[in-house]
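1. Take this sequence and fold it.
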Amino acid sequence: MVRDVQVGIIGGGLMGRETAAALNRWAALQDHPVRPRLAAVCDVDPDVLPWFERIETVRLLSTDYRDLLGDDRLEVLYIAVPHHLHEELYLAAIEAGKDFLGEKPFGIDLPAAERILAALRGRGDLFVRCSSEMPYFPGALAAARLIGSGAIGRVIEANAAFLHSSDLDPTKPINWKRQAALCGRIGVMGDLGMHALHLPFKLGWRPSRVYALLQDLVAERPGPDGSSVPCDTIENATLVGTVDAADGPFPLTVEVKRIAPGDMNTWRIRAVGMAGGVEFSTARPKTVRRFAVRDGDQVWEHVETGSQSAFPTVTGAIFEFGFSDAVLQMWAAFLAERAGALDEAFPCATPEEALAAHRIFDAALRSARSQAAEPVP
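-> The predicted model follows:
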């Protein structure tokens with residue numbers, strides 16, 4: 001029996017609209033135990049709210065998030081606000097007893113993440129996850145299955161990356177993601193880091209030590225009136241971590257960049273082992289590269305994956321999968337797991353994994369200061 005669930009969105013920006021569109025496209029899923037209905041939206045900017053009137057199930061538009069927390073008919077919230085607001089809103093949602101999917105990084109810094117996790121542990125009845133949609137590409141899931149099966153043998157090295165070119169233009173006006181007071185000293189790591197770490201975490205890859213090269217490449221950007229405003233965040237981060245695997249340590253390189261010329265919105269996973277290897281990039285959404293040694297020859301072969309991800313859709317298998325499909329699949333995983341029906345599907349990132357990511361980012365900040373590898377608690 002399919003169960004209806006009313007959903008509310010706090011934060012009507014880019015990802016709030018993406019989520020609204022994904023929930024409104026739920027009929028594309030072939031079979032799912034839950035049927036979400038977007039019922040309420042909150043944003044402090046009243047000019048943002050009229051966009052959501054196009055969705056017939058929305059019954060409440062508000063500029064005060066407390067209206068959503070006090071609505072007993074809302075079972076699930078999606079909270080997508082700047083990082084400096086995470087702690088206030090996540091703690092308020094926990095206090096109100098609301099299940100939610102929260103945007104990464106679960107707090108502006110490590111202490112904030114620790115306080116959020118402490119509050120969650122005091123409310124064991126809540127179902128909370130961290131937003132990260134990129135691993136839901138079919139090729140990413142195929143790569144995860146291959147690695148997880150042990151088919152590549154002892155891991156020699158791995159790389160996970162999420163690469164933007166969104167800040168390549170130095171005259172681009174500043175926004176909250178380029179100001180440490182709003183996005184945190186961790187900068188791009190907070191914005192993109194969970195995307196790169198989500199799949200490695202699910203594979204059990206958690207670095208014990210990290211060496212980091214952090215780059216602040218654009219010191220100033222135009223403000224609202226055109227005058228220069230300090231741009232005091234890290235735009236690019238390259239982390240080399242040591243994963244202490246059971247069969248021996250290996251390097252996990254994590255790259256998250258806002259200035260990566262040639263990459264628009266590229267997510268990548270690559271792992272090479274003694275018996276094989278695999279690589280997937282969203283730049284080639286239908287293709288997984290797989291490595292093997294055959295008859296003494298080293299062979300990289302291309303495997304076509306098509307469009308179908310963890311939860312089958314009406315979309316033809318030959319078509320290409322895209323970002324909006326990944327958002328839909330993440331929500332399908334979130335609501336299926338909440339209903340106890342995830343089965344073997346790939347799970348969303350947990351609050352504990354969000355905290356583990358913060359510990360890596362904190363070690364990276366320490367490494368940048370010491371110019372040495374730093375331990376990850």
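2. Tell me the spacing between the residue most central in space within the chain and residue 347.
-> Closest residue to the average C-alpha location of the chain: residue 132 at 2.3 Å, with CA atoms, centre = their mean. For residue 132, the distance to residue 347 equals 10 Å [CB to CB, to the nearest Å]. In short, each C-beta sits where N, CA and C put it, glycine included.
3. With residue 216 instead?
-> Noted for residue 216: a distance of 34 Å to residue 347, by CB to CB.
4. Between those two, which has more neighbouring residues?
-> Between residue 216 and residue 347, counted using other CB atoms under 10 Å, the more crowded position is residue 347 (17 against 14).
5. Provide a list of residues in contact with that one.
-> Listed by CB atoms under 8 Å, 6 or more residues apart in numbering, the contact partners of residue 347 are 202, 333, 337.
6. residue ranges of the helices in the stretch 251-377 of the chain, please?
-> Using DSSP state H, counting those that start in this stretch, the helices found in the stretch 251-377 of the chain span residues 323-338, 351-370.
7. for the residue nearest to the centre of the chain, helix, strand, or coil?
-> coil (DSSP: H, G, I helix; E, B strand; the rest coil).
8. one step back: can you put the helices of the stretch 251-377 of the chain in TSV and add mean neighbour count?
-> As requested, these are exported to TSV (neighbours: other CB atoms under 10 Å):
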stretch	mean neighbour count
helix 323-338	22
helix 351-370	21
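9. what's the closest of the ones you listed to residue 184?
-> helix 351-370 (8.6 Å; CB to CB).
10. which helices and strands sit right next to the closest one?
-> helix 110-121, strand 128-130, helix 188-202, strand 209-215, strand 236-245, strand 374-375 (3 or more CB pairs under 8 Å, 6 or more residues apart in numbering; DSSP states H and E).
11. Distance from it to the middle of the chain?
-> 16 Å (CA atoms, centre = their mean, to the nearest Å).
12. Would you mind listing where the stretch 101-250 of the chain has pLDDT under the threshold?
-> Within the stretch 101-250 of the chain, no range satisfies pLDDT under 70.
13. looking at the helices and strands packed on helix 351-370, which is buried most?
-> helix 188-202 (a mean of 26; mean count of other CB atoms under 10 Å).
14. one step back: need the helices of the stretch 251-377 of the chain in TSV (columns: distance to residue 268 and mean pLDDT).
-> Shown next, in TSV, are the helices of the stretch 251-377 of the chain (distance: least, CB to CB, whole Å; pLDDT from 0 to 100):
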stretch	distance to residue 268	mean pLDDT
helix 323-338	14	98
helix 351-370	18	98
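15. Now distance to residue 237 too, for the ones you listed, in TSV please.
-> Listed next are the helices of the stretch 251-377 of the chain as TSV, based on distance: least, CB to CB, whole Å:
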stretch	distance to residue 237
helix 323-338	22
helix 351-370	6
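16. Among those, which comes closest to residue 229?
-> Across the helices of the stretch 251-377 of the chain, closest to residue 229 is helix 351-370 (CB to CB), at 22.7 Å.
17. Now whichever helix or strand residue 19 is part of - C-alpha only, CSV.
-> Taking DSSP states H and E as the definition, residue 19 sits inside helix 14-24. Written as CSV, here are the backbone C-alpha positions of helix 14-24 (Å, rounded to 0.1, in the frame of the first residue of the first chain):
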residue,chain,number,x,y,z
LEU,A,14,17.9,26.7,-6.4
MET,A,15,17.8,23.4,-4.5
GLY,A,16,14.4,24.2,-3.0
ARG,A,17,13.0,24.5,-6.5
GLU,A,18,14.9,21.4,-7.7
THR,A,19,13.3,19.4,-4.8
ALA,A,20,9.9,20.8,-5.6
ALA,A,21,10.2,19.8,-9.2
ALA,A,22,11.4,16.3,-8.2
LEU,A,23,8.5,15.7,-5.9
ASN,A,24,6.1,16.9,-8.6
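18. Run the chain-centre distance for it.
-> Taking CA atoms, centre = their mean, the mean C-alpha location of helix 14-24 is offset from the chain mean by 15 Å.
19. helix or strand right after it?
-> Heading C-terminal from helix 14-24 (DSSP H and E), you reach strand 34-42.
20. Just the buried residues of that following strand, please?
-> 34, 36, 37, 38, 39, 40, 41, 42 (16 or more other CB atoms under 10 Å).
21. now stretch 309-320
-> 309, 310, 311, 313, 315.
22. Output those in TSV; the columns should cover distance to residue 224 and pLDDT.
-> Listed next are the buried residues of stretch 309-320 as TSV, based on distance: CB to CB, whole Å; pLDDT from 0 to 100:
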residue	distance to residue 224	pLDDT
309	40	88
310	42	90
311	42	95
313	42	95
315	41	92
